[in-house]
Every structure is written in structure tokens, then in C-alpha cells.
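# Pasted the sequence and its predicted model underneath.
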Amino acid sequence: MKKRAGKTALAVLLAGMMVTTTVYAEPGDVDALRQKKEEADSEVNALQERLLGLIAEMDQLEADMIQKGQEVEQATQELTAAQEKEQKQYADMKLRIKYMYEEGDTTFLEKLLSAESITDLLNQADYIQKVHTYDRNMLEEYVKIKEEVDRLKTARETELTEMENLRAEYTSQQANLNAELTAAEEKSAGFGEQLQAALEADAARKAAEEAAKAAAEAAKNEQQNQTTNRPSGTTPSEGSGNQEPDTPSAPSDNNSNSNYNPPVSNGSGQAVANYACNFIGNPYVWAGTSLTNGCDCSGFVMSVYAHFGVYLPHSSGNLRSSGYGVSYSQAQPGDIMCYSGHVGIYIGGGQIVNAIDEAHGIGISSATYAPILAVRRIF
């Protein structure tokens, strides 16, 4: 019974080891990657907002440049008109001055002396003065208009040049922002891929923890059942043929190990069980032999033992003839449990690790879920 208790304790220990035999992402890794992903997404959003703002400013600048170009064109037209009016006024004034000087002082004097009254005299003198004043004022006014229009035209052209320079600067900023945005998006995508991988690894870790917890609980329950169901004052002997409650008996044709030569390998049954538990959660694929990409029940057993240099048949029926037979009461971790159309590897505590089906993949099952046809030991 001490040997049986030792096996049960070993099963509990193995269940705890199942979580540590495979490297999974720690929760801190997931949180750190999630934070980095959020920071990268925030950077992308900020760059997108800056780019949108810059594009809006560029659109407004283009509209302002169109307006400023129209103002320059209008100022050019007004300057041309003012220059024409200035030239005409100047020409008219020169004609009047030429006429007055060609007529000489006699003409002016005659105009004054021919006045019929003092009022007429004053009017004639006033008229002559007004002609000179009008010409001078108009000429000065046109000169001012021309200078103002020319100033405005120069100012508009300067503003337009500044706008063109600003447009070139905006274009450069847009190219830089696009480059930064592309880099930030690539960084965010990279963190996203890492986060997804970490989440998947974390889910696998939690599944392995749950499986280990279930295995430990089952082993604990079986140990309690052994203590509860054992008749008082009796101690069953190993290999005596006495079966514990609900424990199927091994077939009577199990061959003796007296003539069996174990394969040359540095492996052991416990090492086989430990290694097999590394692949819990991987998929079931009918006729498959890949421990990672998918395998069926006999392909799982075959591939696990192949890791230790032992080559077994890819057939649940033929595996019933591999190694040598022992009774279920003598089962140890690493033994092959054979059922009708199914096989698994015993891990102790009344449980096996096996490729179950497409819905469940590789996982842990009760060793007595179905009648046991044979228990075969390789090492």
C-alpha cells in the first residue's frame, strides 16, 4: 500500500509539473505588451490628428493663395488704370500750359481787361487760378493713387511669395508626418502581433493550470477513495490479483517480462509521462503524428516514445503487443493504456494523457473511462 500511496503522491507532483514544463507568457508580459500597444495606438492617433490639421491648414492656404492671386491681378489692373489717368491728366495739363504760354501775357491781360465789370474781372482771374490749381491737384491725386496701388500690389506679391514658401514648408511637414505615421503604425502592428501571441500563450498557460489542478484533484480524490474503500485490517498484496473497486482487471494473456529486453535508451516511464504532458492543448488530427500540429491517439504514443529513441507502431491494435504486459494495479507513469480502438500514456493517479478527439485535442482523461484491454510497459 505504501507503493500505491507513493504512486498517487507522484501523480500529484506530476500534475503540478505540467504547468512548468512548457514556457508560457507571464501575466506581466501581457500587461506590458498591452500598455505598449495602447501607447503606440495613442501615438498613431496623435499623428493622424496632426496630419489632418496640417491638411486643413494647407487647404485653407490654397484658398488664401487663390484669393491673394486675384487681389494681385486686381491691383495690377487698378495700377494700370491709375497710370493711364495720370498720363492723360499730365498730357492735358501740358497742353493748357503750352496754350497759355504760347498766347503770352497779352492774352491773359486781354482777358482781364475785357471784363465788363469788376465781378467779371474777378471771375476771370479766379478761373485762371482754378485751372492751375485743378491741374496740380488732379496730378497730385493721380500720383498718390498710383503710388498707393503700386504699394498694395507690391504688398500682395510679397504676401503671395510668403504663402508659396509656407506651402513648401507645409508640404515638407506633411511628408515627415506621413513617414512618422507609417513608422508608428508599423510599431503598433508589431505590438499587436506580440500581444496576440502573448494572449494565446497566456490562455494556454491557464488551460494547463486548470488541467494540472484537475489532475491533482482527481489524484487526491482517488487517494481518499482508496483509504475509504479499503477493508479494515486488510492489506492487499501487489500482483495478488485482488482488484480495487471499479478497477478493471488486465487481460489474462499479458506476457511475462522474463524474456523481454527493454530498449536501449536513457529514458524512463516517468520521463515519458513528463514529456507527453508538454503537448496538452495541441490539436487532434486523424492519422497525424505531429505532437505540435496534430496527431491521433496511436500517433501521439508513437511520437512521444520516438523522442526517447523507441519506435512503436502507428496502430492502437499493434501497440497491445509492444513491450510487456502488467496489470492495471501495477501501472506506472509511462505505461501504455490500451482500449478498444484507443491508447494513451499513464501519468499516475488513475489518469492518462492522450489524443482524445478533434473537439478536445490532447488532454487528460480518467484511465478507467472505458474497459482496459491491456497495460504495456516499454521501459
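Okay, I see it.
# Now do whichever strand or helix holds residue 82: which elements does it pack against?
Per DSSP states H and E: residue 82 is located in helix 27-113. With contacts defined as 3 or more Cβ pairs under 8 Å, 6 or more residues apart in numbering; DSSP states H and E, helix 27-113 has these neighbours: helix 118-229. Every C-beta, even on glycine, is put in place using the N, C-alpha and C of the backbone.
# Show me what the helix it packs on packs onto, helices and strands only.
helix 2-17, helix 27-113, strand 351-357, strand 361-366.
# Let's see that with 6 Å instead.
Helix 118-229 is packed against helix 2-17, helix 27-113, with contacts defined by 3 or more Cβ pairs under 6 Å, 6 or more residues apart in numbering; DSSP states H and E.
# Show me the least confident stretch of those helices, going by mean pLDDT.
Mean pLDDT is lowest for helix 2-17 among the helices and strands packed on helix 118-229, at a mean of 44.
# Give me the phi and psi for the nearest residue to residue 358 once chain neighbours are set aside.
Nearest non-adjacent residue to residue 358, counting by Cβ to Cβ, 6 or more residues apart in numbering: residue 284, 5.1 Å away. Main-chain dihedrals, residue 284, degrees, to the nearest 10: phi -100, psi 130.
# can you check residue 375 too?
The phi/psi pair for residue 375 (degrees, to the nearest 10) is phi -120, psi 120.
# how close does it sit to residue 328?
6 Å (Cβ to Cβ, to the nearest Å).
# Also residue 317?
With Cβ to Cβ as the criterion, residue 317 and residue 328 are 19 Å apart.
# Please identify which of the two sits among more neighbours.
residue 328 (20 against 13; other Cβ atoms under 10 Å).
# list the contacts for residue 65?
By Cβ atoms under 6 Å, 6 or more residues apart in numbering, the contact list for residue 65 reads residue 163.
# Burial check on residue 354, number of neighbours?
Residue 354, neighbours per other Cβ under 10 Å, totals 27.
# I'd like to know how many residues surround residue 294.
Using other Cβ under 10 Å: residue 294 sits among 20 other residues.
# what about it, distance to residue 362?
With Cβ to Cβ as the criterion, residue 294 and residue 362 are 9 Å apart.
# again, but for residue 49
Distance from residue 49 to residue 362, by Cβ to Cβ: 49 Å.
# now do residue 180
Remark: distance between residue 180 and residue 362 (Cβ to Cβ) = 46 Å.
# Residue 58 now?
59 Å.
# So for these two, which sits in the more crowded spot?
residue 362 (24 against 16).
# give me every residue that touches residue 146.
Residue 146 sits in contact with 82-83, 86, where contact means Cβ under 6 Å, 6+ apart.
# ok, how many other residues are close to the nearest residue in space to it that is not next to it in sequence?
Residue nearest to residue 146 in three dimensions, not counting chain neighbours: residue 82, with 4.3 Å by Cβ to Cβ, 6+ apart. Residues near residue 82, counting by other Cβ under 10 Å, number 20.
# same question, residue 53
Residues near residue 53, counting by other Cβ under 10 Å: 11.
# Fine by me, we can end here.
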